[in-house]
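*Asks:* here is a sequence together with a model predicted from it:
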Amino acid sequence: MDAAPWRVPLADVLVDDGIRAAADDAVRSGWWSMGPRVAEFERAFADFVGADHAVAVSSGTAALHLALLAIGCRAGDEVVLPSLNFVAAANMVVHTGARLVFCDVHGGTDLNLDPEDVEATLTGATKAVLVLHYGGFACDMDAVLEIAREHDLAVIEDAAHAPGSRFRDLACGTIGAIGCFSFFPNKNLPVGEGGMLVTRDTRLAERLRLLRSHGMSALTWDRHMGHAADYDVLMSGFNYRLDEVRAAIGLEQLERLPEENEARRRIAARYRDALHGASGLSLAFADRLGDPSSSHHLAVALLPEGVARDAVRAALAQARIQTSVHYPPIHRFSAYSGIGPARRLPRTDDVADRMLTLPLFGHMSDEQFELVTETLLEAVAEAS
């Protein structure tokens with residue numbers, strides 16, 4: 001394939017005058033590190049999801065790391081998480097010194113973790129369950145919380161896919177002890193690099209804020225504004241701060257998030273109508289596509305058994321349609337082969353080679369949508 005741009009990218013950031021003006025105002029302010037715009041973004045995000053506290057950080061990965069540290073994960077502990085996941089989750093568990101334990105997914109078209117398999121992994125060393133709301137579709141949090149209460153476990157929600165998603169009457173990210181969000185450019189609320197933690201627990205929020213900024217009792221902005229003349233270091237922390245420019249973009253994007261999610265919902269429903277059951281294809285969460293409780297972060301097709309995914313992707317790429325795989329299971333990576341207890345993950349392995357992530361973004365045109373669906377159906381027929 002040549003260097004021509006994608007006719008249909010996997011994700012697409014819409015940059016307009018509002019985004020440019022927000023960034024320009026932050027740059028012109030002369031204060032670029034964490035300051036008043038970050039604080040405003042935190043307040044607005046907390047209000048949006050209905051959390052008592054929000055803590056902005058430099059990435060979704062940083063959010064996961066701090067969440068694990070804040071609940072006290074350390075060497076000797078075990079953390080349960082689905083292998084069908086982005087590797088950042090596993091990396092951050094390892095960096096706390098805790099041991100990874102992978103659980104299976106429901107399988108079929110439901111790519112969220114299976115609470116029964118979570119319970120089957122538990123030992124006396126289990127400290128936490130790290131759930132992923134895959135694609136913006138909420139896990140069965142009733143079942144997860146019941147297991148957590150019975151075994152005295154912390155629940156961390158990886159809500160990177162799920163800003164605006166809900167489980168019953170609660171926003172995803174606000175149900176467990178801590179929720180983690182990502183604002184990477186392919187996410188529903190993109191700022192570049194950035195993330196957010198939310199919690200209802202004041203003690204955890206205070207710990208997260210200290211860990212975010214070197215464990216310091218006062219920030220540079222506090223000293224600049226005369227609110228503090230000195231500082232103490234209360235714990236060993238990190239530089240995981242968000243800057244003012246990205247916070248300014250985040251505030252603008254947060255206002256647009258409901259509209260973005262609604263547009264994605266409509267497109268996801270069209271994908272279901274056009275593809276589910278056609279040529280042996282199925283769509284992940286087919287029965288929930290178009291449900292307003294989901295942010296519809298991903299549109300994932302499941303190819304028929306025996307169809308070579310690489311051939312289908314090549315045909316789509318030839319038509320300049322970008323695709324991806326969310327995700328190669330973590331237990332298959334070289335770095336994680338043999339890590340943790342030897343557990344079979346048959347439902348994860350069953351879907352792993354058939355998943356194909358299709359383009360999905362709110363301003364996707366009818367022409368782009370039709371090109372994706374028609375080309376995919378042709379490619380599957382050719383590869384069958």
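*Replies:* Looks like it came in fine.

*Asks:* CA atoms for contacts and neighbours, from now on please.
*Replies:* Noted.

*Asks:* and the host helix or strand of Glu382, what's buried?
*Replies:* Taking DSSP states H and E as the criterion, Glu382 maps to helix 366-383. Neighbour-count burial for helix 366-383, counted by 16 or more other C-alpha atoms under 10 Å, picks out 369, 371-373, 375-377, 379-380, 383.

*Asks:* let me see the mean pLDDT of that helix.
*Replies:* Model confidence over helix 366-383 averages 97 on the pLDDT scale.

*Asks:* quick one: contacts of that helix?
*Replies:* 7-8, 271, 274-275, 278-279, 303, 307-308, 311-312, 315-316, 319, 321, 358-359 (C-alpha atoms under 8 Å, 6 or more residues apart in numbering).

*Asks:* buried among those residues? Make that a PyMOL selection.
*Replies:* Applied in PyMOL, the following selects the buried portion of the contacts of helix 366-383 according to 16+ other C-alpha under 10 Å:
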select buried, resi 8+271+275+303+307+312+315+316+319+321+358+359
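
*Asks:* can you list the strands that the longest strand anywhere in the chain pairs with?
*Replies:* Longest strand in the chain, counting residues (DSSP state E): strand 126-132. Partners of strand 126-132 in the sheet, by DSSP bridges, are strand 78-82 (parallel), strand 154-158 (parallel).

*Asks:* kindly format the C-alpha coordinates of the helix holding Glu382 as PDB.
*Replies:* Presented in PDB, the C-alpha positions along helix 366-383 are these (Å, rounded to 0.1, in the frame of the first residue of the first chain):
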ATOM      1  CA  ASP A 366     -22.500   7.800   4.900                       C
ATOM      2  CA  GLU A 367     -20.000   7.300   2.000                       C
ATOM      3  CA  GLN A 368     -17.300   6.100   4.500                       C
ATOM      4  CA  PHE A 369     -19.800   3.800   6.200                       C
ATOM      5  CA  GLU A 370     -20.900   2.200   3.000                       C
ATOM      6  CA  LEU A 371     -17.400   1.800   1.800                       C
ATOM      7  CA  VAL A 372     -16.500  -0.100   5.000                       C
ATOM      8  CA  THR A 373     -19.500  -2.400   5.000                       C
ATOM      9  CA  GLU A 374     -19.400  -3.200   1.300                       C
ATOM     10  CA  THR A 375     -15.700  -3.800   1.200                       C
ATOM     11  CA  LEU A 376     -15.800  -6.000   4.300                       C
ATOM     12  CA  LEU A 377     -18.600  -8.200   3.000                       C
ATOM     13  CA  GLU A 378     -16.700  -8.600  -0.300                       C
ATOM     14  CA  ALA A 379     -13.400  -9.400   1.500                       C
ATOM     15  CA  VAL A 380     -15.100 -12.000   3.700                       C
ATOM     16  CA  ALA A 381     -16.700 -13.700   0.700                       C
ATOM     17  CA  GLU A 382     -13.300 -13.800  -1.100                       C
ATOM     18  CA  ALA A 383     -11.500 -15.200   2.000                       C
END
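
*Asks:* so how far is that helix from its chain's centroid?
*Replies:* In terms of C-alpha atoms, centre = their mean, to the nearest Å, the centre of helix 366-383 is found 27 Å from the chain centre.
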